[in-house]
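Undergrad: Fold the following and give me the result.
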Amino acid sequence: MGIYMFRTELLIELLEENQDDDFGKHIIPYAIDNSTVYGYSFDGYWEDIGTIRSFYDTNLALAKRDAPFNFFDPEAPIYTHSRFLPGSTIEHCTIENALIADGCQIQDSVIRDTVIGVRSQIGRGVHLSKSIIMGADYYDSPFLRKPNAPPIGIGNGSQIEGAIIDLNARIGEHVVIRPFPAGTNIDNELYSVRDGIVVIPKSTILPDGMRIEPEEEVKKDN
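TA: From the prediction side, this is the model:
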């Protein structure tokens with residue numbers, strides 16, 4: 001983490017005198033040797049989310065009971081920007097350790113250790129575990145769908161574990177997604193795997209009954 005402040009003339013001088021372009025490795029050490037530099041010790045919450053694994057782990061940690069950061073601290077509350085969405089409706093569900101954003105509809109589902117983004121539509125009989133559901137940019141309509149495409153959201157009876165589902169994804173009914181062993185990296189037309197985490201890109205359509213799991217990859221290889 002770094003927030004750097006320079007006088008304009010000093011920054012120009014540093015860049016002219018140093019041909020390297022990494023502030024942490026080159027510019028800052030050069031400035032320390034040739035100028036007056038002050039530091040500030042930051043002791044608040046901070047995580048590096050520069051990889052899929054770190055992004056995934058950090059988000060899921062915030063859904064735990066003993067989360068490392070408190071969004072509800074009265075002395076320093078965190079506010080999202082106003083979206084003017086309806087409150088989420090949750091019917092006949094089992095939910096443990098979850099963050100759920102505005103505008104969602106969740107029915108007869110089991111959700112554990114999961115982050116659910118705005119406007120998420122979760123069908124009946126869905127099981128979500130250790131996943132990040134990014135949600136949707138808009139509410140779906142039959143007029144917005146391709147022929148025979150499922151609605152935006154997670155279809156009835158789907159089981160998803162160890163995944164990141166990006167915005168506006170259309171996950172059909174009875175789709176199965178399971179995590180892969182740590183360190184596994186796969187590129188597929190409809191998904192990718194990074195360090196074992198299944199990533200469904202934005203606006204992807206997964207047909208009914210599709211399975212993404214280690215056993216299926218073994219079948220393909222054979």
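
Undergrad: what residues are up against T89?
TA: T89 makes contacts with 104-106, as judged by Cβ atoms under 8 Å, 6 or more residues apart in numbering. No exception for glycine: its C-beta is placed from N, CA and C like everyone else's.

Undergrad: Could I get the phi/psi values of it?
TA: Here is the backbone geometry of T89 (degrees, to the nearest 10): phi -110, psi 130.

Undergrad: Domain-wise, how is the protein divided?
TA: Segmentation of the chain into domains, based on automatic domain parsing, reads 1-43, 52-221.

Undergrad: Which one of these has the poorest average confidence?
TA: Of all the domains of the chain, domain 1-43 carries the lowest average pLDDT, namely a mean of 77.

Undergrad: what's the most buried one of the domains of the chain?
TA: Mean neighbour count (mean count of other Cβ atoms under 10 Å) peaks for domain 52-221 among these, with a mean of 16.

Undergrad: Check the offset of that domain from the chain's centre.
TA: Centroid separation for domain 52-221 versus its chain: 9 Å, with Cα atoms, centre = their mean, to the nearest Å.

Undergrad: Which of the contacts of T89 fall within strands?
TA: Mapping those onto strands (DSSP state E) picks out 105-106.

Undergrad: Check the spacing between the residue of the chain positioned farthest from its centre and R7 real quick.
TA: Of all residues in the chain, N34 has its C-alpha farthest from the mean position, at 41.5 Å, by Cα atoms, centre = their mean. The gap separating N34 from R7 is 14 Å, by Cβ to Cβ, to the nearest Å.

Undergrad: same question, I160
TA: For I160, the distance to R7 - Cβ to Cβ - is 51 Å.

Undergrad: you'd agree I164 is in a helix?
TA: No: I164: not assigned to a helix; according to DSSP: H, G, I helix; E, B strand; the rest coil it is strand.

Undergrad: Next, the contact list for it, please.
TA: 52, 55-56, 131-132, 134, 197-200.

Undergrad: for I177, same thing?
TA: Going by Cβ under 8 Å, 6+ apart, I177 touches 158-163, 198, 200, 211-213.

Undergrad: could I get those as JSON lines with distance to L11?
TA: Formatted as JSON lines, these follow (distance: Cβ to Cβ, whole Å):
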{"residue": "S158", "distance to L11": "52"}
{"residue": "Q159", "distance to L11": "53"}
{"residue": "I160", "distance to L11": "47"}
{"residue": "E161", "distance to L11": "48"}
{"residue": "G162", "distance to L11": "44"}
{"residue": "A163", "distance to L11": "43"}
{"residue": "V198", "distance to L11": "43"}
{"residue": "I200", "distance to L11": "42"}
{"residue": "R211", "distance to L11": "54"}
{"residue": "I212", "distance to L11": "48"}
{"residue": "E213", "distance to L11": "51"}
